[in-house]
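> Take this sequence and fold it.
(chains A, B, C and D)
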2 protein chains.
Amino acid sequence: MVTIYDVARRAAVSPATVSRVLNQRQGVDSEMARRVLEAVETLSYRPNSVARSLRRQAAPVWAVVISDIENPHFTSLVRGIEDVARANGKSVVLCNSDEDLAEEAQYFEVALAEQMSGVIISPASDRLTNIGALLARGIPVVTIDRRLRNSRVSSVVVDNRNGARVATRHLLAAGYERVGCIVGPLATSTARERLAGYRAALREAGLRVDESLIRVSDYKEAGGYASANDLLSGATSPDALFVTNNLMTVGALEALSDMGVRVAQDVGVVGFDDNPWARLMRPTLSTVAQPTYDIGRRAADLLLSGAADPPVVLTLPTSLMARDSSRRTAPAGRSGRRTGTAATQEPTRRRLP
Amino acid sequence: MVTIYDVARRAAVSPATVSRVLNQRQGVDSEMARRVLEAVETLSYRPNSVARSLRRQAAPVWAVVISDIENPHFTSLVRGIEDVARANGKSVVLCNSDEDLAEEAQYFEVALAEQMSGVIISPASDRLTNIGALLARGIPVVTIDRRLRNSRVSSVVVDNRNGARVATRHLLAAGYERVGCIVGPLATSTARERLAGYRAALREAGLRVDESLIRVSDYKEAGGYASANDLLSGATSPDALFVTNNLMTVGALEALSDMGVRVAQDVGVVGFDDNPWARLMRPTLSTVAQPTYDIGRRAADLLLSGAADPPVVLTLPTSLMARDSSRRTAPAGRSGRRTGTAATQEPTRRRLP
DNA sequence: GTGAAAGCGCTAACAC
DNA sequence: GTGTTAGCGCTTTCAC
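Purely as a prediction, here's the structure:
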């Protein structure tokens, strides 16, 4: 392996000078610098970043701890983070926590052991996720997508409560009367906030919240399937569903399909998190869209600047993508809906806020 | 920072002994070992893996270089890799190459500088991707999803040619006559193999290959959209499309939808790579499914064992998921197809292989 | 402006 | 079995 000493010898300078040149410190004689660069070239020297990290007591690496790398919502966040990371010479280590506190803690240990210079996390629990050791070692931490209750950290999130409120209101305005809700693990801030928004919308419409129309699930496809199945076969079956993440929405739609329930006509649906195939489903799927890439970018920016002290919370807006799955009316266009049942349509009865 | 010396002092042993205990070397007095563990505990000592890596000249880290972290196909591969990595104490660094050779090369530099102990890559080009420096430094490399032509490396891939052949044959058997093909960058082995399979199926059916029905694209959504648009507005418009990856399939379907072309009835479609929402589209989408998770797992296993010398190539099978998008016949069930046009159905004319 | 030398935290000879 | 010690490759005082 070619070391900095080899380069120094070849360029007839000291290792210190080579280091200075390589780290663009100014004040190095330009002729010497030239020789160093030449030696680097001819020897095809590559700095050993492990040695550098040991010496500097910090590795140019960020850990990004998310709960599911197969969830497009999270990968889109990661894209945003990555672009900033790359532009600033940081590597990104992706860690799947699977919504598991032990896994999460394990990754914090790795971040500590590897002397990483930052951690971005979507915490599995807003109270139990413990970033104390990270902060104690001065490693900047930013939470993303979700918040933490017991620590002073900067966060980048969306306005979940309002997003959920708008979605629910939209279903009510479309004439649905018994809107159910499938929500994620209540240990996450997103689940609680989205549930709160759902409740708020019902209250604002002068409706009482029927707890039997709420299912707490796991943000996964199978969970959405089971919850939808369960809700639809209950005594007071909902005529609409607000499903609070993308994976559970897929599961819920599969359940409806398997039960022979027609989306929109029989049961209106609004999901959370937009995606390219929402437009390709029939009926097309209404969703609450989040600026995912931007969330990631901003979290990374925060991390770069040391995570901000005192901590800041950036709350980005969501936007309702109203499509056919939440319209009782048969659409005029060619969206592939059966036309025979258009008569199911009925006038809007809810108060429009 | 607590070091191994602090632990040694506290346990009244030498640093070497602490190291031995921590690395589970046998032959350490059990009483001493107990004291060491106790000291580790009370001081909440965490080994510094940077120092360890420097000393050992290797970091317990794998680089996984893929072209798009937002493509579910790749994230599913990564899942498989990750599970093996975690079970063996390796961290995974995810790198997006964006199908770009320069980016790719950049990540190889990082892997080298970080002394990583393995690289899994889905090469952007089968001839131009250069893993020479990696191999020269003895870093094991495995390619995944795609192969490399100019290097001796182990690979885990699927039988792309046959998958494409079966898909095309399936469309012909369903009565489509002018099957078009949207293929990825020809620098990738997958694109060439899938195209070859498509051609083979046409030949086997006694048809000549109409080059004007083939579009070379980029494995991205926008590329699929543009290609479909282009194909459908050409002089000899296809009555079916074989689209060779998931993202381009989404794009192609969007294009068809925007043009008012009915999938299945007007244009049959088979995509590559299965996904959960294929069942939710209307008509449901036929695809060629790959055992993605398993591909990742096996690649990781190979890497663990030093990438195998001489290199091996594992070729896994694909499976055709025949659904409604490739059926001209109107389905009996509740799949949401307009029923008025079922008369479009016509008998199969192709020879069934 | 440049070089000598110490030292980041750990492991592995090697000596006892 | 256990301890001493050198050294992995780099950066950074501190002299000059």
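
> how about the strands in the stretch 101-250 of chain A?
Taking DSSP state E, counting those that start in this stretch as the test, the strands found in the stretch 101-250 of chain A are A:116-121, A:141-144, A:154-158, A:179-183, A:214-216, A:240-243.

> so how far is A:Val110 from A:Asn48?
Distance from A:Asn48 to A:Val110, counting by CB to CB, to the nearest Å: 21 Å. Yep, even glycine has a C-beta here, placed from its N, CA and C like the rest.

> Secondary structure element holding A:Trp62?
strand A:59-66 (DSSP states H and E).

> quick one: contacts of the helix or strand that that strand is followed by?
Per DSSP H and E, the first helix or strand lying C-terminal to strand A:59-66 is helix A:72-87. With contacts defined as CB atoms under 8 Å, 6 or more residues apart in numbering or on different chains, helix A:72-87 is touched by A:62, A:64, A:66-69, A:91-92, A:94, A:120, A:122, A:144-145, A:245-246, A:273, A:275, A:290, A:292-301, A:304, B:69-70, B:72, B:75, B:94, B:96.

> Try it again at 7 Å.
A:62, A:64, A:66, A:68-69, A:91-92, A:94, A:120, A:122, A:144-145, A:246, A:273, A:275, A:292-297, A:299-301, A:304, B:69-70, B:72, B:75, B:96 (CB atoms under 7 Å, 6 or more residues apart in numbering or on different chains).

> next SSE after that helix?
Past helix A:72-87, the next helix or strand by DSSP H and E is strand A:91-96.

> Give the other helices and strands that that following strand contacts.
strand A:59-66, helix A:72-87, strand B:91-96 (3 or more CB pairs under 7 Å, 6 or more residues apart in numbering or on different chains; DSSP states H and E).

> at 10 Å instead, please
Counting contacts by 3 or more CB pairs under 10 Å, 6 or more residues apart in numbering or on different chains; DSSP states H and E, strand A:91-96 is packed against strand A:59-66, helix A:72-87, helix A:101-113, strand A:116-121, strand B:59-66, helix B:72-87, strand B:91-96, helix B:101-113.

> Is it correct that A:Arg282 is in contact with B:Ser257?
Yes. Using CB atoms under 10 Å, A:Arg282 is in contact with B:Ser257, at 9.5 Å.

> Between those two, which is the more surrounded one?
It is A:Arg282, of A:Arg282 and B:Ser257, that has more neighbours when counted by other CB atoms under 10 Å in any protein chain shown, with 23 against 18.

> Next one: that one, what pLDDT does it get?
For A:Arg282, the model assigns a pLDDT of 87.

> Report the separation between it and A:Ala322.
Applying CB to CB to A:Arg282 and A:Ala322 gives a distance of 16 Å.

> same thing with A:Glu99?
The value you get for A:Glu99 to A:Ala322, if CB to CB is used, is 30 Å.

> Get me the contact residues on chain A for DNA strand C.
Residues of chain A found near DNA strand C (CB under 7 Å from any atom of the strand) are A:12-17, A:20, A:27-29, A:32, A:51, A:54-55, A:57.

> Weed out the non-buried ones from those.
A:13, A:17, A:20, A:28, A:32, A:51, A:54 (16 or more other CB atoms under 10 Å in any protein chain shown).

> So the first one sits against A:Met32, correct?
Yes. Here A:Val13 reaches A:Met32: they are 5.4 Å apart, a contact under CB under 10 Å.

> shared neighbours, the two?
Contact with both A:Val13 and A:Met32 is made by residues A:20-21, according to CB atoms under 10 Å, 6 or more residues apart in numbering or on different chains.

> Spell out which residues of the stretch 51-200 of chain A are next to DNA strand D.
Counting by CB under 7 Å from any atom of the strand, the stretch 51-200 of chain A sits next to DNA strand D at A:51-52, A:54-56.

> Quickly run through the sheet partners of the strand holding A:Trp62, with directions.
strand A:91-96 (parallel), strand A:116-121 (parallel) (DSSP bridges).

> would you turn the buried ones among the residues of chain A next to DNA strand C into a markdown table with pLDDT?
Below are those laid out as a markdown table (pLDDT from 0 to 100):
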| residue | pLDDT |
| --- | --- |
| A:Val13 | 97 |
| A:Thr17 | 97 |
| A:Arg20 | 97 |
| A:Val28 | 94 |
| A:Met32 | 96 |
| A:Ala51 | 98 |
| A:Leu54 | 97 |
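
> near chain B, from the residues you listed?
Checked against chain B using CB under 10 Å from any CB of the partner chain, these give the following subset in range: A:51, A:54.

> would a markdown table of the buried ones among the residues of chain A next to DNA strand C with secondary structure be doable?
As requested, those are exported to a markdown table (DSSP: H, G, I helix; E, B strand; the rest coil):
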| residue | secondary structure |
| --- | --- |
| A:Val13 | coil |
| A:Thr17 | helix |
| A:Arg20 | helix |
| A:Val28 | coil |
| A:Met32 | helix |
| A:Ala51 | helix |
| A:Leu54 | helix |
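
> okay if I get the buried ones among the residues of chain A next to DNA strand C as TSV plus distance to A:Thr236?
As requested, those are exported to TSV (distance: CB to CB, whole Å):
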residue	distance to A:Thr236
A:Val13	82
A:Thr17	79
A:Arg20	75
A:Val28	78
A:Met32	82
A:Ala51	66
A:Leu54	64
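
> check contacts around A:Asp210.
A:178-180, A:202, A:236, A:238.

> any idea where the helices of chain A begin and end?
Taking DSSP state H as the criterion, chain A carries its helices at A:4-11, A:15-22, A:30-43, A:49-56, A:72-87, A:101-113, A:132-136, A:160-173, A:189-204, A:221-232, A:246-259, A:292-304.

> pretty sure A:Met248 is touching A:Ile182, no?
Yes. Taking CB under 10 Å as the definition, A:Met248 is a contact partner of A:Ile182 at 5.5 Å.

> Common neighbours of those two, please.
Counting by CB under 10 Å, 6+ apart, the shared contacts of A:Met248 and A:Ile182 are A:215, A:217, A:219, A:223-228, A:241, A:271-272.

> Pull the most distant pair out of those.
Largest separation among those by CB to CB: A:Ala226 and A:Phe272, giving 17.7 Å.

> neighbour count winner among these two?
Neighbour totals were compared for A:Ala226 and A:Phe272, and A:Phe272 leads with 29 against 19 (other CB under 10 Å).

> circling back to that earlier point, what's the average pLDDT for the strand holding A:Trp62?
Computed over strand A:59-66, the average pLDDT equals 96.
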